[in-house]
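> Show me how the following folds:
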Amino acid sequence: MKTEDLVRTFTEYYEERGHHRICGSTLLPPPGDPVLFTTSGMHPLTPYLEGRPHPLGRRLVNRQRCLRTTDLEEVGDATHLTVFEMLGTWSLGDYDGPRSLAWGYGLLTEGLGIDPGLLHATAHAGDGRTPPDTASVRLWEDLGVPVEPTVEDNWWSNGPVGPCGPDSEIFLWSGDGPPRSTPTRDERWVEVWNHVTMSHRRLDDGTLVPLPRRNVDTGLGLERLASLLQGSPSVFESDVFEPWLRRLPPLWPLEGRSLRLVCDHLRSAVVVLGDGVRPANTGRGYVLRRLVRRVLTVLWRDDPSRSLGDLPPEPVRHTLDRFGQDVPPGEVLGSLLDEERRFRRLLEQGRHVLARPRFRGRLDEEDFRYLHDTHGLPRELVTSLREE
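Okay, the predicted model is just below:
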């Protein structure tokens, strides 16, 4: 199943069940929001989850692009991306968690044709302050899906204060042979969908108070599920990355984690640029700068002559079209090349800095921090420059 077919099937399934489609916003949160980028599908809906009536009603479905820097060091494995898309559904004080889970099970098994025997669930086990989520456990048992109770893994919160509550996560078996063990004991169980019942609010002092209206918020990782449905060993082998994996290796002979990181960071940089952000030393621009420079650090590790100016427009255009961004590929490529030129100048400066007597011996953590914070030189590049 192609990714766009998955989106259409998901959306139509919930529209048939009374959900109104809402347009996903850009990566940029609304003015006044302290978060740099939208990190989840529910982020733009926070005011409505806190009680404001939504103009389209109490049942919603959408597709939202997200960016997370918290998983940056994990990018390059089989499941993590910097920029990704979430498919989401919401009940704003309408139906309860078990109904949401039942519909989710129906979509996965009937709508998408997944073998029920490849599913596993987890649910909140209770923690002394909140009771166990017996309703979700009972639902899974009635459907014949094994369920594993956990404590911390199945309590969702939107930061240190604000709405929170128990969640039930759905996992899909990705290993060869029949499923075994449980999601907390075998990483071949891949989480694909989280259903949260927002039942409480956490106050500044950590106190939990019941919400006057319980909401249900679900989030499904689009690229992750699409890759599993396509039989791909990772999100990078799905159709989303096809132009990148086809065009980059002949240009730059990378493989393994290095190839995945370059594909992810370049694709993410294209989306961030497409949403109007430009490289800078602070805020959103610094996140973009960090992505581009991580790419260049990998590319130049083996061959300093490699240039983003050689990047073909096809994968850039494919990504902009996929995210509905009306920006000329040439403009994006020009911004990437400008940032490359800045970084090359920085490296020349870095070579002069590293030639100082202070840095000729063994470098400690304080040295690495100084070189990064003062001169913008990442650890990997410092190590590479000292090996020249």
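> Name the residues of the helix or strand where Arg257 lies that are buried.
Assessed by DSSP states H and E, Arg257 sits inside helix 256-274. By 16 or more other C-beta atoms under 10 Å, the buried positions in helix 256-274 come out as 259-274. Just so you know, the C-beta spots here come from the backbone N, C-alpha and C atoms, and that holds for glycine as well.
> and the worst-scoring helix or strand of the chain on mean pLDDT, what does it pack onto?
Using mean pLDDT, DSSP states H and E, helix 379-386 stands out as the lowest-scoring helix or strand of the chain, at a mean of 79. Applying 3 or more C-beta pairs under 8 Å, 6 or more residues apart in numbering; DSSP states H and E, one finds that helix 379-386 contacts helix 283-302, helix 329-354, helix 365-375.
> Make a markdown table from the ones you listed and add mean pLDDT, mean neighbour count and distance to Arg201 to it.
Below are these laid out as a markdown table (pLDDT from 0 to 100; neighbours: other C-beta atoms under 10 Å; distance: least, C-beta to C-beta, whole Å):
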| stretch | mean pLDDT | mean neighbour count | distance to Arg201 |
| --- | --- | --- | --- |
| helix 283-302 | 92 | 20 | 29 |
| helix 329-354 | 93 | 16 | 41 |
| helix 365-375 | 89 | 13 | 38 |
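> any chance of those in TSV, plus distance to Pro210?
Formatted as TSV, these follow (distance: least, C-beta to C-beta, whole Å):
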stretch	distance to Pro210
helix 283-302	36
helix 329-354	48
helix 365-375	45
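> circling back to that earlier point, among the buried residues of helix 256-274, find me the one that's closest to Val327.
Relative to Val327, the closest of these is Gly274; by C-beta to C-beta it sits at 4.8 Å.
> so what's the residue nearest to the closest one when sequence neighbours are not counted up against?
Once flanking residues are discounted, Gly274 sits nearest to Gln325: 3.3 Å by C-beta to C-beta, 6 or more residues apart in numbering. Residues near Gln325 by C-beta atoms under 8 Å, 6 or more residues apart in numbering: 271, 274-275.
> Let me know whether Gly104 touches Thr218 as I believe.
Yes. Counting by C-beta atoms under 8 Å, Gly104 touches Thr218, with 6.8 Å between them.
> and those two? which has more neighbours close in?
Taking neighbours as other C-beta atoms under 10 Å, Gly104 and Thr218 compare with Thr218 leading, 26 against 23.
> ok, the more buried one touching Gly97?
No. Taking contacts as C-beta under 8 Å, Thr218 lies outside contact range of Gly97: 9.5 Å.
> Please enumerate the shared neighbours of those two.
Each of His195 lies in contact with both Thr218 and Gly97 under the rule C-beta under 8 Å, 6+ apart.
> of all the helices and strands packed on helix 379-386, which lies closest to Asp133?
Nearest to Asp133, of all the helices and strands packed on helix 379-386, is helix 283-302, at 35.5 Å by C-beta to C-beta.
> just the angle between the closest one and helix 256-274, please?
Interaxial angle, helix 283-302 versus helix 256-274 (axes from the mean of the first three to the mean of the last three C-alpha atoms, to 10 degrees): 150 degrees.
> Run through who's touching the next helix or strand after helix 283-302.
As assigned by DSSP H and E, the chain's next helix or strand after helix 283-302 is helix 313-322. Helix 313-322 is contacted from outside by 240, 243-244, 247-248, 266-267, 270-271, 274, 326-327, 329-330, 332-333, using C-beta under 8 Å, 6+ apart.
> which parts of helix 313-322 are buried?
315-320, 322.
> related to what we said a few turns ago, which residues are in contact with both of Gly104 and Thr218?
Counting by C-beta under 8 Å, 6+ apart, the common neighbours of Gly104 and Thr218 are 193, 195.
> Restrict the least confident helix or strand of the chain to CA atoms and write it as CSV.
Output in CSV follows, covering the C-alpha atoms of helix 379-386 (Å, rounded to 0.1, in the frame of the first residue of the first chain):
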residue,chain,number,x,y,z
ARG,A,379,32.7,17.1,17.9
GLU,A,380,32.7,14.9,14.8
LEU,A,381,34.2,17.7,12.7
VAL,A,382,36.8,18.6,15.3
THR,A,383,37.9,15.0,15.4
SER,A,384,38.0,14.9,11.6
LEU,A,385,40.0,18.1,11.3
ARG,A,386,42.6,16.9,13.8
